[in-house]
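Engineer: Provided below for reference: sequence and predicted model.
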Amino acid sequence: MRFGAHMSIAGGVSKAFDRAKEVGCDSLQIFLRPNLNWRLPPLDEDEVKRYLQAEKRTGIRPVVGHASYLINLAAADHVHLRKSIDALVVELERAEMLGVRSIALHPGAHMGQGEEKGVKKIALGLDKAFRRARNTRAAILLETTAGMGTVLGYRFEQLADIIHLSHFPQRLGICLDTCHIFAAGYDIRTPSAYARTMRELSRAVGIKKVRAIHVNDAKADLGARLDRHEHIGEGKIGRDGFRNLVNDPDLAHLPAILETPKTRGRDSGNKMDPVNLRRLRRLELKL
């Protein structure tokens, strides 16, 4: 696996590569834009050049984009829905400029409209964004979710329905988040539980649709529907669960991205990404 972590783009998207190199990443995830701001200036051409140079210099790849948390393609409010589609178009356009070929996206929350209507709205919103960004190539990776509140994507079947309803299924994939699926009720802690979960995923969407993995341990219990990330091996999933994952030959070619806390307690700086990366690599080597 290409182990990596989500890195800050403070100071420019190109800065993420040196941050990733410093902690020992093979792959990388970044926000393609400031995460919590609807309005933003165009991506500077010089910064694009610096980004491409840094990618070549460090050899860190692939880069997975992560869409803004503001985006909700199932939004009940028409203004929020319009802004979400507009923002996703910008994400696709920025990915094209940077050569990023996949963007992880939280599918959306139905906000009381019902799951069936929410799923249909997400598929429709994706189609609108793809049509407007027709000259782009990045795939949207629907991220598995914990199912907090009215958030959709906590069942594999919901993600399958979105893909099947879309007119652009070839541009849709899955980002498998270990904390989220565990919180949603999919167990991976033992070899038999892991095999059962992967069979369910394969039946619903197909293993080949999985294009990236978020490797996060979970603070909450199995099926708790709480999105709370923990350091690898220190949460409810535990090291055995990640040993099952990182030694799965069907997933061996994928980027495995940490979204675990950067610090522990009152520490400053990124002290924990190197620790968590080392733990994952040792599990892969079965040490």
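Structural biologist: Thanks, I have it. Please read all numbers here as calculations on a predicted model, not as lab measurements.
Engineer: The stretch 51-200 of the chain: helices as residue ranges?
Structural biologist: 78-98, 115-132, 156-165, 178-183, 191-204 (DSSP state H, counting those that start in this stretch).
Engineer: Figure out which of these is closest to residue 16.
Structural biologist: helix 78-98 (10.7 Å; C-beta to C-beta). In short, each C-beta sits where N, CA and C put it, glycine included.
Engineer: Of all the residues in that closest one, which ones are buried?
Structural biologist: By 16 or more other C-beta atoms under 10 Å, the buried positions in helix 78-98 come out as 80-81, 83-85, 87-95, 97-98.
Engineer: again, but for stretch 207-226
Structural biologist: Buried residues in stretch 207-226, counted by 16+ other C-beta under 10 Å: 209-220, 222, 224-225.
Engineer: Give the rounded mean pLDDT of it.
Structural biologist: Mean pLDDT, computed over stretch 207-226, is 98.
Engineer: Restricting to C-alpha, output stretch 225-234 in PDB.
Structural biologist: The C-alpha trace of stretch 225-234 is given here as PDB (Å, rounded to 0.1, in the frame of the first residue of the first chain):
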ATOM      1  CA  ARG A 225     -22.900   5.900  14.400                       C
ATOM      2  CA  LEU A 226     -20.300   8.400  15.700                       C
ATOM      3  CA  ASP A 227     -17.500   9.800  13.600                       C
ATOM      4  CA  ARG A 228     -14.600  10.000  16.000                       C
ATOM      5  CA  HIS A 229     -11.100   9.100  14.800                       C
ATOM      6  CA  GLU A 230      -8.400   7.600  17.000                       C
ATOM      7  CA  HIS A 231      -4.700   6.600  16.500                       C
ATOM      8  CA  ILE A 232      -4.000   3.300  14.800                       C
ATOM      9  CA  GLY A 233      -4.300   0.400  17.300                       C
ATOM     10  CA  GLU A 234      -5.600   2.600  20.100                       C
END
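Engineer: residues making contact with that stretch?
Structural biologist: The contact list for stretch 225-234 (C-beta atoms under 8 Å, 6 or more residues apart in numbering) reads 145-148, 154, 179-180, 183-184, 215-220, 235-236, 239, 242, 258-261, 264, 272, 275-276, 279-280.
Engineer: Just give me the closest of the buried residues of helix 78-98 to residue 163.
Structural biologist: If you rank the buried residues of helix 78-98 by distance to residue 163 using C-beta to C-beta, residue 88 comes first, at 16.0 Å.
Engineer: Go ahead and confirm the closest one touches residue 127.
Structural biologist: No: using C-beta atoms under 8 Å as the test, residue 88 is too far from residue 127 to be in contact (11.0 Å).
Engineer: Would you check that residue 212 makes contact with residue 102?
Structural biologist: Yes: Residue 212 sits in contact with residue 102 when judged by C-beta under 8 Å, with a separation of 6.2 Å.
Engineer: Please enumerate the shared neighbours of those two.
Structural biologist: In contact with both residue 212 and residue 102: 64, 141, 173, 175, using C-beta under 8 Å, 6+ apart.
Engineer: Give the ranges of residues in the chain that sit below the confidence cut-off.
Structural biologist: By pLDDT under 70, the low-scoring segments of the chain are 286-287.
Engineer: Please enumerate the strands of it.
Structural biologist: 2-6, 27-31, 63-66, 102-105, 108-109, 139-143, 151-152, 172-177, 210-215, 217-218, 229-230, 255-258 (DSSP state E).
Engineer: Can you say which of these is nearest to residue 72?
Structural biologist: Checking those against residue 72 by C-beta to C-beta gives strand 108-109 as the closest, at 4.7 Å.
Engineer: For residue 242, grab the count of nearby residues.
Structural biologist: Residue 242 sits with 24 neighbouring residues when counted by other C-beta atoms under 10 Å.
Engineer: what's the distance between the residue lying closest to it once chain neighbours are set aside and residue 176?
Structural biologist: Nearest non-adjacent residue to residue 242, counting by C-beta to C-beta, 6 or more residues apart in numbering: residue 283, 5.4 Å away. As defined by C-beta to C-beta, to the nearest Å, residue 283 lies at a distance of 17 Å from residue 176.
Engineer: Compare these two and say which is more crowded by neighbours.
Structural biologist: Set residue 283 next to residue 176 and count neighbours by other C-beta under 10 Å: residue 176 wins out with 29 against 20.
Engineer: Confirm for me that that one is in contact with residue 144.
Structural biologist: Yes: assessed by C-beta under 8 Å, residue 176 is found in contact with residue 144 at 5.6 Å.
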